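Q: Output the structure for:
(chains A and B)
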There are 2 protein chains.
Amino acid sequence: MEKVNHLILPADLSRPSNTIADLGELALIEKLKPFCAAGAIGDDAAIMKAQPQHKLVVTTDMLTENVHFSGRTTPPYTVGWRAVAANLADIAAMGAMPIGITVGLGLPGHTPLNWVEELYRGMADCLNIHGGAIVGGDLCRAMQRTVSITALGEVLPHQVIRRDRASPVMTVDQTGPHGASSAGLALLLEELELKEQQPSGTLSYAKAWIKAHQMPVPRFDALKDLRRVIQKDKGAIYPTITGMDSSDGLANALLQISNSSRVGMNIVRSAIPLPAGLSAAVGPETALKWALHGGEDFELVLCLPAKIAEAFTKTRFATAIGTTTDTGIVKLLSAEGSSSSTTITHESYQHF
Amino acid sequence: MEKVNHLILPADLSRPSNTIADLGELALIEKLKPFCAAGAIGDDAAIMKAQPQHKLVVTTDMLTENVHFSGRTTPPYTVGWRAVAANLADIAAMGAMPIGITVGLGLPGHTPLNWVEELYRGMADCLNIHGGAIVGGDLCRAMQRTVSITALGEVLPHQVIRRDRASPVMTVDQTGPHGASSAGLALLLEELELKEQQPSGTLSYAKAWIKAHQMPVPRFDALKDLRRVIQKDKGAIYPTITGMDSSDGLANALLQISNSSRVGMNIVRSAIPLPAGLSAAVGPETALKWALHGGEDFELVLCLPAKIAEAFTKTRFATAIGTTTDTGIVKLLSAEGSSSSTTITHESYQHF
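A: Got it, this is the predicted structure:
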């Protein structure tokens, strides 16, 4: 028992007012104001304005402790960053740019103030870098730390990206490599251990995988490059872009687009980029499995007209991994033009 | 043990698929789709459009079981209705009209499917009557039933109602009577019992108080009447309206407006309307206490130019209860012009 006491007691005793119950709700709100947009707090609701002619994009995500995050894998700063990034990735997946978020926060009274401040710092930093601000929120008592974010974005109608507009034969493009978030999570959960005899450089890759899990990047950078590529083609009609984000895995995104658009796909296994060092560390089968089914990479998966795709894949973001077909089936070909293929199927996570 | 078995087992055995864990997340989403706006589900985010020239209003509220609602006081239909009404009341308090909501829902796996369907039915009914639709959402596993709603509204810039625009000497108007929600809650919690010797008619009043607690009405009806009253005064500049909703009690609303606007108020005790039958049932002191500090009536508290107030109080909604002053203090006068007064202070609820 002494070891446990030694670990837990000093922090509680040395800081007598370190929980939100000690502080009280009103004082907590004062502490969180600096992380929010100026004037965001103090009325019944926040006032915002989308740019003229723009449509509004709205998405919401609720995260709960020990389901979506835990002290073991995500310090509070990264809980905040990830929660915002996951929402912004949905905004990006609609072709939109972010304008703001609201935060519903459920907390047990014994939550350390520091945990809440770090959460808000992580959220504010992600917004500062990627766009938008905290415009409103609500705090309430809960048995379990719960973060519910609603993100708002704006988009010109012709730039909206939906899932159901793909047709044969378009190029299937993806940003990122996929699988790094799963590798990072496996390291944090100690399900993956890197041994001394790992290929050189693996440890620095490992840091990148952990960062990919803890601080994913919503792909507004890639979206802006895509717009630039399209707009270079002056005079042409803005093409219909189909796509979604890969929050539930690359395979899930391919299948959702296939299902919504009623197209098949031929995906070329060797064309799927993997995180640097991952195949060497865990073997190519596991690396591919994580890329397809791991999820939480929050990249973009897009179906583009061939000409646009060609220019887009020359940017630093995108890789062409296949084409849409009229078969209705999402096939994984071992190499381009190969006749040997398997079918990609769902391995999705259900909450209940 | 037999008694416990008798109480718990039959329900579980007779309906083998009555929890959301039995059903699974994807099937649950299918069950909830009919309550949502057409096409709302199936992309990364919802697309909406505010009317041209309008500003966007955003508010969020998180409710947790046994803090904000319980099986004892609020059947699931009314949990849904109340959660939406509370958010819409914030939209109304900004002078805005509702356009839609998103719903973040945290649920334990053992939650009955019927509970979730009733929740959504309550939300959808409140939206159908008062405006807006469910445009998006997220389901996740949680230890405690948690409902996080973000509501969006729209308002022309000159019609925005803020808390900090009041000046001396304006009329303080309120909709509703206040206190009915507290009376309803007290009845539901059996803290208030109506005896046989109650004045006649009390039982029908009691039903109205319970309804006030379970199914509050966001005051878009009063807001529309206020606009009509203002617009009748043709050619005049649209006046600045100050106000907020009374979700934390009438006294809290008066004090918040006083504090934000840096004005005092003289509120006339005898002018404060009380719910029909309440004074007779619980005595005038308790009735006034509930009106001032009970909360959750979700009415509007407004500071209006005298001429507008005069016309507005002729509608079915509003009562003038006092005037703003330059004293900085919110006084409760026993009668108009009385020199005897007390000061209204906060008795607010803190979550932590």
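Q: And the helices in the stretch 101-250 of chain A?
A: Listed in chain order, the helices found in the stretch 101-250 of chain A under DSSP state H, counting those that start in this stretch are A:113-130, A:180-188, A:202-214, A:220-232, A:250-261.
Q: Comparing the ones you listed, which stretch has the densest surroundings?
A: Ranked by average neighbour count under the criterion mean count of other Cβ atoms under 10 Å in any protein chain shown, the helices of the stretch 101-250 of chain A are headed by helix A:180-188 at a mean of 24. Every residue, glycine included, has its C-beta placed from N, CA and C.
Q: How about the residue nearest in space to the middle of chain A: what's its closest non-neighbour residue?
A: The centre of chain A sits closest to A:F298, judged by Cα atoms, centre = their mean, with a distance of 3.1 Å. Once flanking residues are discounted, A:F298 sits nearest to A:A89: 3.8 Å by Cβ to Cβ, 6 or more residues apart in numbering or on different chains.
Q: okay but that neighbour is in contact with A:R219, surely?
A: Yes: the criterion here is Cβ atoms under 8 Å, and A:A89 meets it with A:R219 at 7.0 Å.
Q: Next, work out how far apart A:V268 and chain B are.
A: Per Cβ to the nearest Cβ, to the nearest Å, A:V268 is found 25 Å from chain B.
Q: so what's that residue bridging to?
A: Counting by DSSP bridges, A:V268 is bridged to A:L333.
Q: What number of residues are in the vicinity of it?
A: 20 (other Cβ atoms under 10 Å in any protein chain shown).
Q: Same question for A:G109.
A: A:G109: 13 surrounding residues under other Cβ under 10 Å.
Q: who's in contact with it?
A: Applying Cβ atoms under 8 Å, 6 or more residues apart in numbering or on different chains to A:G109 gives the contacts A:19-21, A:141, B:352.
Q: Please, which helix or strand holds the residue nearest to A:F298?
A: Using DSSP states H and E, A:A89 maps to helix A:76-93.
Q: So which elements touch that helix?
A: In terms of contacts (3 or more Cβ pairs under 8 Å, 6 or more residues apart in numbering or on different chains; DSSP states H and E), helix A:76-93 is packed against strand A:55-64, strand A:97-107, helix A:113-130, strand A:146-155, helix A:202-214, helix A:220-232, strand A:242-245.
Q: which one of these lies closest to B:R227?
A: strand A:55-64 (23.5 Å; Cβ to Cβ).
Q: what pairs with the closest one, and is each one parallel or antiparallel?
A: strand A:146-155 (antiparallel), strand B:46-48 (antiparallel).
Q: Show me how the record splits chain A into domains.
A: What automatic domain parsing lists as the domains of chain A is A:18-158, A:161-343.
Q: Check the residue lying closest to A:S258 once chain neighbours are set aside and give its pLDDT.
A: Take A:S258 and drop its neighbours on the chain: the residue closest to it by Cβ to Cβ, 6+ apart is A:V330, 5.0 Å away. In this model, A:V330 is scored at 96, pLDDT.
Q: before we move on, what about A:D22?
A: 92.
Q: and it, that's in a helix?
A: Yes: counting by DSSP: H, G, I helix; E, B strand; the rest coil, A:D22 is located in a helix.
Q: got the contact list for the closest residue to A:E296 other than its chain neighbours?
A: Nearest non-adjacent residue to A:E296, counting by Cβ to Cβ, 6+ apart: A:S181, 4.3 Å away. Shown in contact with A:S181 (Cβ under 8 Å, 6+ apart): A:209, A:212-213, A:216, A:294-298.
Q: closest to chain B among those?
A: Using Cβ to the nearest Cβ, A:F298 is the member of those that sits closest to chain B, with 10.6 Å.
Q: about what we covered before: quick one, what contacts the residue nearest to A:F298?
A: By Cβ under 8 Å, 6+ apart, the contact list for A:A89 reads A:216, A:218-219, A:245, A:247, A:298, B:44.
Q: Tabulate those (CSV), appending pLDDT.
A: Below are the contacts of A:A89 laid out as CSV (pLDDT from 0 to 100):
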residue, pLDDT
A:P216, 97
A:P218, 97
A:R219, 97
A:D245, 96
A:S247, 94
A:F298, 96
B:D44, 85
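Q: A:I20 contacts A:E117, doesn't it?
A: No: counting by Cβ under 8 Å, A:I20 sits too far from A:E117 to count as a contact (10.1 Å).
Q: Looking at the strands paired with strand A:55-64, which is nearest to A:P108?
A: strand A:146-155 (9.9 Å).
Q: about what we covered before: output the helix holding A:A89 as CSV, restricted to C-alpha atoms.
A: Extracted C-alpha coordinates of helix A:76-93, given in CSV (Å, rounded to 0.1, in the frame of the first residue of the first chain):
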residue,chain,number,x,y,z
PRO,A,76,-5.8,16.0,-21.2
TYR,A,77,-4.2,18.4,-23.7
THR,A,78,-4.4,15.7,-26.4
VAL,A,79,-8.0,14.7,-25.4
GLY,A,80,-8.8,18.4,-26.2
TRP,A,81,-6.8,18.4,-29.4
ARG,A,82,-8.2,15.1,-30.7
ALA,A,83,-11.8,16.0,-29.9
VAL,A,84,-11.5,19.2,-31.9
ALA,A,85,-9.5,17.5,-34.7
ALA,A,86,-12.1,14.7,-35.0
ASN,A,87,-14.8,17.3,-35.5
LEU,A,88,-12.8,19.5,-37.8
ALA,A,89,-12.0,16.4,-39.9
ASP,A,90,-15.7,16.0,-40.5
ILE,A,91,-15.9,19.7,-41.6
ALA,A,92,-13.0,19.1,-44.0
ALA,A,93,-14.7,16.0,-45.3
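Q: what angle do it and helix A:202-214 make?
A: Interaxial angle of helix A:76-93 relative to helix A:202-214 (axes from the mean of the first three to the mean of the last three Cα atoms, to 10 degrees): 70 degrees.
Q: Show the average pLDDT along helix A:76-93.
A: 97.
Q: Next: stretch A:136-155.
A: Taken as a whole, stretch A:136-155 carries a mean pLDDT of 95.
Q: how long is that stretch end to end?
A: Distance across stretch A:136-155, first residue to last, is 21 Å (Cα to Cα, to the nearest Å).
Q: Quick check: A:S181 vs A:W209, distance?
A: 8 Å (Cβ to Cβ, to the nearest Å).
Q: now swap in A:N66 and tell me
A: Distance from A:N66 to A:W209, counting by Cβ to Cβ: 22 Å.
Q: same thing with A:N259?
A: If you measure A:N259 against A:W209 using Cβ to Cβ, the figure is 30 Å.
Q: for A:P305, same thing?
A: With Cβ to Cβ as the criterion, A:P305 and A:W209 are 34 Å apart.
Q: follow-up on the earlier one: what is in contact with A:A89 and A:R219 at once?
A: Shared contacts of A:A89 and A:R219, defined by Cβ under 8 Å, 6+ apart, are found at A:245, A:298.
Q: residues in the stretch 101-250 of chain A within reach of chain B, list them.
A: A:102-107, A:109, A:135-144, A:146, A:148, A:150-153, A:155, A:160, A:162-164, A:244-245 (Cβ under 8 Å from any Cβ of the partner chain).
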